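Asker: Just to be clear, the model below is a prediction. Sequence and coordinates:
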Amino acid sequence: MAIGGISDRINRRTLLIGGGAGVGLFVAWAIWPRRYLPNLTVVPGETAFGAWLKIGEDGHVTVAVPQAEHGQGVYTTMPQIVADELGADWRTVGVEPAPLNPLYANDLGAGELFEGVFAGVPEGLKRSHAARTALVLTAGSSSIRNFEGDLRQAGAAGRVLLCKAAARRWGVAWEACSTQGGFVLHGQQKLRFGALAAAAADEQLPETLPLRDGAIGRLSGQSLPRIDVPSKVDGSANFAGDIRLPDMVFAAIRQGPVGDSRLVKINRKAAERIRGVLAVIEAERSVAVVANNWWAANRALDSLIPRFETRGALINSDSIDSALNAALAGPGQRMAAQGDLAAVFKGAQVVMADYRVGLAVHAPLETMTATARLDAGRLELWLPTQAPGRARAAAAAAIGLSEESVIVHPMLIGGSFGANLEHLVAEQAAVLAKQMKRPVQLVWSRYEDLLHDRFRPPAAARLTARLGPNGSIMGWLTKIATPNTGRALADRLSVGDPAVRAALALQGEGDPYAVAGALPFYRFPNYAIDHHPADIGVPTGHWRSGAHSYTAFFTECFLDELAHVAGTEPLSFRVSITAEPRLVRCLSTAAALGGWEGGVPGSAQGIACHSFRGSHIAVLAEAHFEDGQRPVVDRLVAAVDCGRQINPDIVRQQIEGGLIFGMAAALGGSTGFTENVADARRLGDLSLPRLADCPDITIEMIRSEAAPGGVAELAVPPVAPAIANALQASAGFRLRRLPFTANPA
């Protein structure tokens, strides 16, 4: 479905005059008078009810979903919320991508993604900025948390209007009517939604919308079948690579090494000899081949033998390690603190440990893909994107169009893990379509996708603590050296917006995103978190769970080491300092289910936990070394409290997927660098676990009536430390580097 542009643009000169620069620019954006109207499209026989819902004469119910579906289940859970309030028959419910509109701006997702990058900017101004920049964003496990209220209101509004239309026909009070299974009911009378939809749209909403109560006929909380699964199973689901347009051609691209690279030489004649090749298009940092099929285009790239000149310092695995070491040894910026840590540490015996994590790749099944068509000054884009408004802005800027001249068709995503927050492929496809004067489908090869990923950043950490006489933790210091990934990501997603850059300038050199999750959720009277920005020369981006994927590793491994020094059993040690009762319950539940033996030497058991985006999880792992060399995970047990569950099966799927994803990152999924080029060139280079390597998995979902928390990223952070702690118990030495090897740190 097409996503249209916003017709009214902000006059930046007026903004600058009215609000000045910096925070004043945010103020100017916040007070600017705007009104956004729903722009859902309808077909004959279909009626729109606001921005979220359409009902057809045949009774079908269509819910507009602004979030990208990349396996996390939003094409089911979000319609389920609407259908529950509406009283719909689930068999009649469908979904379509929502049009690009500030009504669907995800300010919570932006806040969770950037994790404090905009700290100090008032919440109202953040929300205003998200709306005015059409920041429709799928990130931060925020879909349900951000939109549940809107979705319930939309379903309730549709239900009330349908009841009013039926009540008018029956001559009764609308409050006496109810809905269930796609019918409006009053005693023995009933009418289908489809027969009432057109008339219902002319009714007026009451000042206060009543939400449904009671448990009869409710859809929320049920494990309803996923809407997206049948089409994915039978192959009818369309992904970006399935798009076919009249006169369309196919393109492959080869980009220069990381850093300041320039294309200097190609063998154009060799490429043009390959059957099907239509054009070789050179750019400053890349070369693309366009052909009548993608295989010919990709083969021609190899025949080109492109040569690039890279200026500046060489980037290797050693240089990355050196940059992290230098940053950790240098001055850092304090990101959080409590108490007088210097006084606690002065003259005291402390425990210290260093940890390190490598670059992690996204490696989703679907590589970067986009189809572009430029016709009569209007650009259309079909692509998998977690930020369609930002992709639209970037593509428009790349070929000199206004944003209103670009339509984005968001596609199903074949995995992502954060990769599709980036929009470089949209820019490239737009440029190629302009040059070819015909539709172009650009697909990155797996080789290209791995070499030019926006990697999860590497990090080096030094943790220091002082134990009290009773095993308590009197002081805790975390120092983390890692790139300013959050600041760079915020700047890319803003497409250089001056308001965002002004906010970033207020934050100093540190990056809250880079140390997110390091702030202890345990009870420490004195602590400090320092970020040491490191320039490694490699582009980095958001990766499933962000910095929590390494900060949880640092914290939960160090806690086990402290428990060992204190002579305390690791589970009891955690429980004694955990401030969150829901997390304590997760720990005790995981221990009971897993038959926790205390993590004693030879038990091969380890435990770790994490609180994240309003949810809580504990993971017990059993692991050992095969032949003293290869780490093997035998069992994972997880206890989860994520609040109220809209669809329990989908929640369980996300936890299972997160556990496997976290295990893959602990055992592989990383790359080094050699002379500005990533070492991993294919999936086989990543040492990813195969089906035979998957452990026995047990998951206990703890019932809770708390507000829904984030789920999609929740299970990733605690897996690696749980495995590390298990390997310590199994082999007797501590692994402090991710991904794991058999060599003790």
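Answerer: Looks like it arrived, so ask away. Residues are numbered from 1 along each chain as shown.
Asker: List the residue ranges of this structure that fall below the pLDDT cut-off.
Answerer: 1-35, 116-133, 495-508, 742-745 (pLDDT under 70).
Asker: who are the neighbours in contact with Arg544?
Answerer: Residues counted as contacts of Arg544 (CB atoms under 8 Å, 6 or more residues apart in numbering) are 417-418, 658, 661, 712-713, 716. Any C-beta I mention is one placed from the backbone N, CA and C, and that applies to glycine too.
Asker: Could you rerun that using 6 Å?
Answerer: By CB atoms under 6 Å, 6 or more residues apart in numbering, Arg544 lies in contact with 417-418, 713, 716.
Asker: gap between it and Gln80?
Answerer: For Arg544, the distance to Gln80 (CB to CB, to the nearest Å) stands at 23 Å.
Asker: any chance you could map the strands in the stretch 51-200 of the chain?
Answerer: 53-56, 61-65, 93-97, 178-180, 183-186, 189-192 (DSSP state E, counting those that start in this stretch).
Asker: Tell me how far Met701 lies from Gly709.
Answerer: Separation of Met701 from Gly709 (CB to CB): 12 Å.
Asker: which one of the contacts of Arg544 sits closest to Thr41?
Answerer: Thr41 lies nearest to Gly418 out of the contacts of Arg544, by CB to CB, at 30.2 Å.
Asker: re the thing from before, who wins for most neighbours among the contacts of Arg544?
Answerer: Scoring the contacts of Arg544 on neighbours with other CB atoms under 10 Å, the highest-scoring entry is Val716 at 29 neighbours.
Asker: Name every strand pairing with the helix or strand harbouring Ala336 and say which way it goes.
Answerer: Using DSSP states H and E, Ala336 sits in strand 333-338. The strands beside strand 333-338 in its sheet (DSSP bridges) come out as strand 527-533 (antiparallel).
Asker: Send me the helix or strand that the strand it pairs with is followed by as CSV with only the CA atoms.
Answerer: Using DSSP H and E, the helix or strand that directly follows strand 527-533 along the chain is helix 548-566. Output in CSV follows, covering the C-alpha atoms of helix 548-566 (Å, rounded to 0.1, in the frame of the first residue of the first chain):
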residue,chain,number,x,y,z
HIS,A,548,22.3,-4.3,26.7
SER,A,549,23.7,-7.2,24.8
TYR,A,550,27.2,-6.4,26.2
THR,A,551,26.4,-4.5,29.4
ALA,A,552,24.4,-7.4,30.8
PHE,A,553,27.4,-9.7,29.9
PHE,A,554,29.7,-7.4,31.9
THR,A,555,27.4,-7.0,34.9
GLU,A,556,26.2,-10.6,35.2
CYS,A,557,29.6,-12.2,34.8
PHE,A,558,31.2,-9.8,37.3
LEU,A,559,28.4,-10.5,39.8
ASP,A,560,29.3,-14.2,39.6
GLU,A,561,33.0,-13.4,40.1
LEU,A,562,32.1,-11.3,43.2
ALA,A,563,29.9,-14.1,44.6
HIS,A,564,32.9,-16.4,44.2
VAL,A,565,35.2,-14.0,46.1
ALA,A,566,32.6,-13.5,48.8
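Asker: How about the contacts made by the spatially most central residue of the chain?
Answerer: The centre of the chain sits closest to Ala139, judged by CA atoms, centre = their mean, with a distance of 3.8 Å. Counting by CB under 6 Å, 6+ apart, Ala139 touches 109, 113.
Asker: try 8 Å this time
Answerer: Going by CB under 8 Å, 6+ apart, the list of residues near Ala139 reads 106, 109-110, 112-113, 386-387, 418, 421, 542.
Asker: How about Thr77?
Answerer: 143-144, 646-647, 650.
Asker: Asp453 too?
Answerer: 361-363, 419, 541, 678.
Asker: hang on, Ala712 is in a helix, isn't it?
Answerer: No - applying DSSP: H, G, I helix; E, B strand; the rest coil, one finds Ala712 to be coil, outside a helix.
Asker: Starting from Lys190, give me the distance back to the residue nearest to the centre of the chain.
Answerer: Distance from Ala139 to Lys190, by CB to CB: 42 Å.
Asker: Report all helices and strands that the helix or strand hosting Ala391 contacts.
Answerer: Ala391 belongs to helix 388-398 when assigned by DSSP H and E. Where contact means 3 or more CB pairs under 8 Å, 6 or more residues apart in numbering; DSSP states H and E, helix 388-398 is packed against strand 378-383, strand 406-410, helix 424-436.
Asker: want to throw these into CSV with mean neighbour count and distance to Arg152?
Answerer: What follows is the helices and strands packed on helix 388-398, written out as CSV (neighbours: other CB atoms under 10 Å; distance: least, CB to CB, whole Å):
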stretch, mean neighbour count, distance to Arg152
strand 378-383, 23, 31
strand 406-410, 24, 24
helix 424-436, 24, 33
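Asker: And these: which comes nearest Trp596?
Answerer: Closest among these, using CB to CB: strand 406-410, at 44.7 Å.
Asker: Provide the strand pairings for the closest one, with the direction of each partner.
Answerer: strand 378-383 (parallel).
Asker: returning to that earlier point: relative to helix 424-436, how tilted is the helix holding Ala391?
Answerer: 40 degrees (axes from the mean of the first three to the mean of the last three CA atoms, to 10 degrees).
Asker: Residues contacting helix 388-398, please?
Answerer: Under CB under 8 Å, 6+ apart, the answer for helix 388-398 is 3, 5, 100, 133-136, 372, 379, 381, 383, 385, 401-403, 405-406, 408, 410, 423-424, 426-431, 492-495.
Asker: Look up phi and psi at the residue nearest to the centre of the chain.
Answerer: phi -170, psi 160 (degrees, to the nearest 10).
Asker: Can you give me the distance of it to Ala370?
Answerer: 19 Å.
Asker: re earlier: distance to Thr589 and neighbour count for the contacts of Asp453 - can I get that in a markdown table?
Answerer: Formatted as a markdown table, those follow (distance: CB to CB, whole Å; neighbours: other CB atoms under 10 Å):
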| residue | distance to Thr589 | neighbour count |
| --- | --- | --- |
| Val361 | 33 | 27 |
| His362 | 32 | 24 |
| Ala363 | 32 | 22 |
| Ala419 | 34 | 25 |
| Gly541 | 35 | 21 |
| Ala678 | 40 | 22 |
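Asker: Sort out for me which of the contacts of Ala139 are in helices.
Answerer: Among the contacts of Ala139, the members found in helices (DSSP state H) are 109-110, 112-113.
Asker: and the residues you listed as JSON lines, adding distance to Gln72 and neighbour count?
Answerer: Compiled in JSON lines, the ones in helices among the contacts of Ala139 are given as follows (distance: CB to CB, whole Å; neighbours: other CB under 10 Å):
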{"residue": "Gly109", "distance to Gln72": "13", "neighbour count": "25"}
{"residue": "Ala110", "distance to Gln72": "18", "neighbour count": "26"}
{"residue": "Glu112", "distance to Gln72": "14", "neighbour count": "24"}
{"residue": "Leu113", "distance to Gln72": "15", "neighbour count": "27"}
